[in-house]
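*Asks:* Build me a model:
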Amino acid sequence: MEKPCTLLVHFEKGSPSVANEIKADLEGSDVAAKVDAMKRAIMLLLNGETLPHLFITVVRYVLPSEDHTIQKLLLLYLEIVDKRDATSGKVLPEMILICQNLRNNLQHPNEYIRGVTLRFLCRLNEPELLEPLVPSILANLEHRHHFIRRHALSAISAIYRLPHGDQLLPDAPDLVQRSLAAEQDASARRNAFLMLCACAQERAVAYLLTNAEHVAEWPDLLQMAAVDLIIKVCRSPNRSDKGRYIKIIIFLLSAPNTAVVYESAGALVSLSSAPTAVRAAANTYCQLLSSQSDNNVKLIVLDRLHELRTSHRDVMVDVVMDVLRALSSPNVDVRRKVLDLVLDLLTPRNVEEVVMYLKKEVVKTQVGELEKGGEYRQMLVQAIHACAVEYPEVAGSVVHLLMDFLGDTNVAAAVDVVLFVREIIETNPKLRVSMIQRLIDTFYQIHASRVCSCALWILGEYSLSLSEVESAISTIKQCLGDLPFYTISEEGESTDSSKPAQLAVNPVTVSSRRPVVLADGTYATQSAAMETAISAPAVASGSLSSTQNLRSLILSGDFFLAAVVACTLTKLVLRLEEVQPSKAEANKASTGALLIMVSTLQLGQSSYLPHPIDNDSYDRIVLCVRLLCNTVDDVRKVWLQSCRHSFTKMLAEKQFRETEEMKAKAQISHAQPDDLIDFYHLKSRRGMSQLELEDAVQDDLKAATGEFTKDADTNRLNRILQLTGFSDPVYAEAFVTVHHYDIVLDVTVINRTKETLQNLCLELATMGDLKLVDRPQNYTLAPESSKQIRANIKVSSTETGVIFGNIVYETSNVMERMVVVLNDIHIDIMDYISPATCADVAFRNMWAEFEWENKVAVNTVIQDEKEFLDHIIKSTNMKCLTPLSALDGECGFIAANLYAKSVFGEDALVNISIEKQADGKLSGYIRIRSKTQGIALSLGDKITLKQKGGSC
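*Replies:* As a prediction, this is how the structure comes out:
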């Protein structure tokens, strides 16, 4: 369709109706047939058919009908039918025939007929048809029924806003203002108020200020209109009476309607930056967060609180506990946003209270079966970890509780707990003894290989005293069970050498170090006789016995864990030699460790397991065996000191990196000696409230610092795209504004000819996940005049899109339509992705999970690896997750991970692996992975262009 349309009805073109059939049905007396015929006629008109001879039939046979359905369909038909001559542009003469019918309808005794007719007049744009109807429309303002008055006010507003509407209704504002003062119906009052806001703003403002004390009692529809008016009025520059409007907004914060409350809070923040106003808005948002059950509402309110945090963090700190109450929502997205917001609002004053609340939430996940309880527990652990890293003094209150979750069935949560323990035990030396003892007591509960590996490293590095070392060695031996890991019976060996080996299942009595909670809350270890009679198939499949978790994992083929066990035993034996006065005991422990390592090597090289031991694990275990057989001081120093020193250095770099990021994000610096001080008593109060005074002071400071005069469009010229050539009869250029979910094209069209251009239309089409919201209408352009045309385009995914089209117009001399083809507009993917951070574990998980990969070969003139990496980071707007310390040095190759997130929540992962060749050139690959195809391809195209020196 090439003309604006206010009505759209679905119609199957597979069964077209014949105009003669419709005409025959309309001329008949059957009401049902007439209704069906009118519907078919409307559908045909909407789908491009003209039906030129049907209008007279409608006037003769449909206008006189008293049926309400037919009358409504008649108005729809009159709404969409062509009312002007296509060549002259004048109203068709036969259209005058409907004026009398419309006048009769406006005076009809039935309220429904009057109402739908008035509603139809809101969409009628022909002054020639509206002029004779004006007296009847005004008469309906005094009708007894509010349904009629409501639509009469809408019709007056629509007519007055037409190009020459003030000539048709010169006294419309006076009439509407009087109606507003006397009206009682909520919808009618809203329509009248909106008409004054659009056409006579000063009258609307006067009505609002006159009734300021009663705004809280207004109906919600009128309150919403009042909020919109206040925002519109107060955004005009140099408003000295802004405090009066802010008072009204404060009244509306206590309105019973939640939509009004939400809009009022947003308006308050946009109008005033005074601490009292921001605090009132934040408290209002928190009340909505706790009172609303809809998760979408909660997410929207949390977004508003995030915006407040960026500009008013000091005020938001006071409401952090109110925000935390939203964790009662079962929705994971809501909980994640709440935790992210709270972690940004931590201070030394509230961190203990926050951690205690999170601790209670962790206990709740342990008690009941919550939906996605494992995922929620993982988020809580990560949040507590972040609190403890930033404020180490709170770690002692939570670390022992979290260590109970080392054996969590959710492996990701258990990994987060063990990483938290590893960091806290290094940064809080006072907790080391109790944490090591607790880890030894609960080690048997750990069932995940990755968690076992990290826990073993902690035992090897931080078991320092004699009792701790001996307990750690004893615990590891108990979790490994009896040696050897398997035995070969003599019968099986002599009769069938290919028969799988059998496990040693001799019944033995072992000591179970299961911790028991005593009456006073302390832990004790009990001994129990336990018979290990485990069948070979059960253990081979990896099932876990009560205490022999290491044995089960190793027998399932996890030889990396076996290598970690060997390294841990080596460190413990070396430390035991330093703290154990008895040489015999130290040698006994060394011999036991060697026996475990040799048994592991024997298991790895046997045919008992389907896969033999890998070379890396084999070499590592052999190294440990050689070290225990012949130890020198230099090697002892490496094993007992260097590893821990490297870990300490890694934590220091991580903390430094986080500190630098926080400094970069901080918008408000600390108070300096020469900072401004607000002396409120120096400002004339003139009866102002505290809120008005604070707002006035903030405005004065903004005016003094030039904030009001900043031009937000300083780079506007850089974003203007030329669409046509200078020699074209029509010149066009576009200013592209990219928002998160839509693109706005402001197109300036200039007629460079001496002729009037008629039916000028901007026709646009898109490629990619872009969709036109509406089609711009036709315009008439005078000689050498210009026109601003706006087009809205919706964006549904992160993908490079293309907008193309042409300008079509007609002239009086040439009957055929002229076409000017426009240059393509390329929408850059960089407008939709922003740098983001994620943990290394999360990056690896997403890398393994995402199915779309784009592999780009390195082809660049840059010869320095780091310079090329910086160039790619800058070009792709991504963040480098690889620490700078890992990129130091000159080794001829570099590997780094980059990460970004789109506004649609999509993840973009990039791995760069490059090497410098002998001739100085760089070679390698850049691999992009994402969940969707569009972002992987678009990002790959961007990198290909940028690494070759492209500018787009």
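*Asks:* Where in the protein is the helix or strand with the lowest mean pLDDT?
*Replies:* Sorted by mean pLDDT, DSSP states H and E, the helices and strands of the chain end with helix 536-540, the least confident at a mean of 31.
*Asks:* what's the following helix or strand after the helix or strand harbouring residue 71?
*Replies:* For residue 71, the host element (DSSP states H and E) is helix 68-80. Downstream of helix 68-80, the next assigned helix or strand under DSSP H and E is helix 97-106.
*Asks:* Check the average confidence over that following helix, would you?
*Replies:* In this model, helix 97-106 carries a mean pLDDT of 83.
*Asks:* where's it relative to the chain centroid, distance-wise?
*Replies:* Counting by C-alpha atoms, centre = their mean, to the nearest Å, helix 97-106 is centred 54 Å from the centre of its parent chain.
*Asks:* Same check on stretch 858-866?
*Replies:* 35 Å.
*Asks:* what comes up buried for it?
*Replies:* 858, 860, 862, 865 (16 or more other C-beta atoms under 10 Å). The C-beta positions use only the backbone N, C-alpha and C, and glycine is treated the same way.
*Asks:* same question, stretch 166-174
*Replies:* Applying 16+ other C-beta under 10 Å to stretch 166-174 flags 168-169, 172-173 as buried.
*Asks:* Pull the CA coordinates from it and hand them back as PDB.
*Replies:* The C-alpha coordinates for stretch 166-174 follow below in PDB (Å, rounded to 0.1, in the frame of the first residue of the first chain):
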ATOM      1  CA  ASP A 166      -8.100  26.600  14.000                       C
ATOM      2  CA  GLN A 167     -10.300  28.100  11.300                       C
ATOM      3  CA  LEU A 168     -13.000  25.400  11.700                       C
ATOM      4  CA  LEU A 169     -13.000  25.600  15.500                       C
ATOM      5  CA  PRO A 170     -11.500  29.000  16.500                       C
ATOM      6  CA  ASP A 171     -12.900  28.800  20.100                       C
ATOM      7  CA  ALA A 172     -12.100  25.100  20.700                       C
ATOM      8  CA  PRO A 173      -9.700  25.700  23.600                       C
ATOM      9  CA  ASP A 174     -12.300  27.800  25.500                       C
END
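*Asks:* Go ahead and measure how far that stretch is from the middle of the chain.
*Replies:* 48 Å.
*Asks:* now it: mean pLDDT?
*Replies:* 86.
*Asks:* Name the surrounding residues that touch it.
*Replies:* 127, 130-131, 134, 138, 156-157, 159-160, 162, 165, 175, 195-196, 199-200, 203 (C-beta atoms under 8 Å, 6 or more residues apart in numbering).
*Asks:* next one: stretch 67-77
*Replies:* 7, 31, 34-35, 38-39, 41-42, 45, 58, 62-63, 65, 105, 110, 112-113, 116-117, 120.
*Asks:* Of those, which qualify as buried by neighbour count?
*Replies:* Looking at these with 16+ other C-beta under 10 Å, the buried ones turn out to be 34-35, 38-39, 41-42, 45, 58, 62-63, 65, 105, 113, 116-117, 120.
*Asks:* just curious, which of those is nearest to residue 223?
*Replies:* The nearest member of the buried ones among the contacts of stretch 67-77 to residue 223, counting by C-beta to C-beta, is residue 116 at 28.2 Å.
*Asks:* just to revisit the earlier point, okay, the angle between the helix holding residue 71 and helix 97-106?
*Replies:* Going by axes from the mean of the first three to the mean of the last three C-alpha atoms, to 10 degrees, helix 68-80 is angled at 140 degrees with respect to helix 97-106.
*Asks:* follow-up on the earlier one: of the buried ones among the contacts of stretch 67-77, just say which sits nearest to residue 944.
*Replies:* Nearest to residue 944 among those, with distances taken as C-beta to C-beta, is residue 45, at 50.3 Å.
*Asks:* the helices in the stretch 601-750 of the chain, which residues?
*Replies:* For the stretch 601-750 of the chain, the helices defined by DSSP state H, counting those that start in this stretch occupy 615-629, 633-637, 643-665, 690-705.
*Asks:* hey, C-alpha coordinates of the first one in CSV?
*Replies:* When you say that, I think you mean helix 615-629. Extracted as CSV, the C-alpha positions of helix 615-629 are listed here (Å, rounded to 0.1, in the frame of the first residue of the first chain):
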residue,chain,number,x,y,z
ASN,A,615,51.7,-39.0,28.5
ASP,A,616,51.5,-35.7,30.5
SER,A,617,50.1,-37.4,33.6
TYR,A,618,52.6,-40.2,33.3
ASP,A,619,55.6,-37.8,33.1
ARG,A,620,54.2,-35.8,36.1
ILE,A,621,53.9,-38.9,38.3
VAL,A,622,57.3,-40.2,37.3
LEU,A,623,58.8,-36.8,38.1
CYS,A,624,57.2,-37.0,41.6
VAL,A,625,58.7,-40.5,42.1
ARG,A,626,62.2,-39.3,41.1
LEU,A,627,61.9,-36.2,43.4
LEU,A,628,61.0,-38.3,46.5
CYS,A,629,63.9,-40.7,45.7
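*Asks:* Only the buried residues of it, if you could.
*Replies:* Buried, per 16+ other C-beta under 10 Å, within helix 615-629: 617-618, 620-621, 623-624, 627-628.
*Asks:* would you turn the residues you listed into JSON lines with pLDDT?
*Replies:* Below are the buried residues of helix 615-629 laid out as JSON lines (pLDDT from 0 to 100):
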{"residue": "617", "pLDDT": "89"}
{"residue": "618", "pLDDT": "89"}
{"residue": "620", "pLDDT": "90"}
{"residue": "621", "pLDDT": "90"}
{"residue": "623", "pLDDT": "90"}
{"residue": "624", "pLDDT": "89"}
{"residue": "627", "pLDDT": "87"}
{"residue": "628", "pLDDT": "84"}
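*Asks:* same for the helix or strand encompassing residue 270, what does it pack against?
*Replies:* Assigned by DSSP H and E, residue 270 belongs to helix 258-271. Identification of packing neighbours for helix 258-271 by 3 or more C-beta pairs under 8 Å, 6 or more residues apart in numbering; DSSP states H and E yields helix 220-234, helix 242-252, helix 275-291, helix 295-311.
*Asks:* mind running it again at 6 Å?
*Replies:* helix 220-234, helix 242-252, helix 275-291 (3 or more C-beta pairs under 6 Å, 6 or more residues apart in numbering; DSSP states H and E).
*Asks:* Tell me the buried residues in the second one?
*Replies:* Counting neighbours by 16+ other C-beta under 10 Å, one finds that the buried residues in helix 242-252 are 242-243, 245-252.
*Asks:* Kindly report the same for the last one.
*Replies:* Within helix 275-291, the residues scored as buried using 16+ other C-beta under 10 Å are 275-289.
*Asks:* Assign a three-state SS to residue 853, would you?
*Replies:* strand (DSSP: H, G, I helix; E, B strand; the rest coil).
*Asks:* next one: residue 119
*Replies:* Residue 119 ends up helix, using three-state DSSP.
*Asks:* and it, what does it touch?
*Replies:* Neighbouring residues of residue 119 by C-beta atoms under 6 Å, 6 or more residues apart in numbering: residue 151.
*Asks:* Residue 154 versus that one, what's the distance?
*Replies:* 7 Å (C-beta to C-beta, to the nearest Å).
*Asks:* Please enumerate the strands of the stretch 801-950 of the chain.
*Replies:* For the stretch 801-950 of the chain, applying DSSP state E, counting those that start in this stretch gives strands covering 801-810, 818-821, 825-827, 833-835, 852-857, 879-880, 893-902, 907-916, 922-930.
*Asks:* Among the buried residues of helix 275-291, pick out the one closest to residue 563, please.
*Replies:* residue 289 (49.8 Å).
*Asks:* Residue 261 versus that closest one, what's the distance?
*Replies:* For residue 289 relative to residue 261 (C-beta to C-beta), the value is 12 Å.
*Asks:* go on, residue 205?
*Replies:* Where residue 261 is concerned, residue 205 sits at a distance of 23 Å (C-beta to C-beta).
*Asks:* where in the stretch 101-250 of the chain is pLDDT low?
*Replies:* Scanning the stretch 101-250 of the chain for pLDDT under 70 picks out 236-240.
*Asks:* which stretches of it form helices?
*Replies:* Using DSSP H, counting those that start in this stretch, helices in the stretch 101-250 of the chain cover 111-121, 127-130, 134-139, 146-160, 165-168, 172-182, 186-199, 201-210, 220-234, 242-252.
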